[in-house]
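Enquirer: Build me a structure from this.
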Amino acid sequence: MAESPTTARQMLRSGPFSGLRDNIRALGQYAADPAANGGSGIPEKDATQLVSNFFRALENYDLTLYNVVRTAKQQKKKGDDEAKADLDAAAALDQQAAAQQLQAAVQQLDKLIATVPRDVLDKSRQVLERVHSKQAAAAASSAV
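Expert: Alright, predicted model coming up:
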């Protein structure tokens, strides 16, 4: 988890996670596509349920973070700065409960990823590894 609930919420909406929701929907659609068309071939109802379960778990985590941030801001006295509100929110966050909610979202994501055929998942990992190695090489050459 991030240092503060505010940062964690921002991370869910930007950077590497900015396309998460669209990618999860696409993965759900892929899961429901017939195997003959390259999809997983699970019933659409089941694929939709997997996607809904993931979003529900992620929204529960996000809502926990939101409530802590909102409460800290409401309790903030006049003259306190935003950094103080973030510290108050971080102190008020039940780390164990938030970690369990985040873990629940990861478990739901794992269930959805489990619908992807092994060969497709392996090819996807290879592409991801190539992208990461190219990014690392570019970063190394720009550092010189």
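Enquirer: by contact count, what packs against the strand or helix carrying Q103?
Expert: Using DSSP states H and E, Q103 falls within helix 95-113. Other helices and strands packing on helix 95-113, by 3 or more C-beta pairs under 8 Å, 6 or more residues apart in numbering; DSSP states H and E, are helix 20-32, helix 44-75. No exception for glycine: its C-beta is placed from N, CA and C like everyone else's.
Enquirer: closest to S142 out of those helices?
Expert: helix 20-32 (27.5 Å; C-beta to C-beta).
Enquirer: Out of the helices and strands packed on helix 95-113, flag the one nearest R9.
Expert: Among the helices and strands packed on helix 95-113, helix 44-75 sits nearest to R9 (C-beta to C-beta), with 4.9 Å.
Enquirer: just checking, what packs against that closest one?
Expert: Helix 44-75 packs on helix 5-11, helix 20-32, helix 82-92, helix 95-113, going by 3+ C-beta pairs under 8 Å, 6+ apart.
Enquirer: contacting residues for A140?
Expert: By C-beta atoms under 8 Å, 6 or more residues apart in numbering, A140 lies in contact with nothing.
Enquirer: State the phi and psi torsions of it.
Expert: The phi/psi pair for A140 (degrees, to the nearest 10) reads phi -70, psi -40.
Enquirer: So for it, what pLDDT did the model give?
Expert: You'll see A140 listed with a pLDDT of 82.
Enquirer: who's in contact with the closest residue to P43 other than its chain neighbours?
Expert: Once flanking residues are discounted, P43 sits nearest to A32: 7.3 Å by C-beta to C-beta, 6 or more residues apart in numbering. With contacts defined as C-beta under 8 Å, 6+ apart, the neighbours of A32 are G39, S40, I42, P43, E44, D46, A47, T48.
Enquirer: mean pLDDT lowest for which of the helices and strands packed on helix 44-75?
Expert: Among these, helix 82-92 scores lowest, at a mean of 59.
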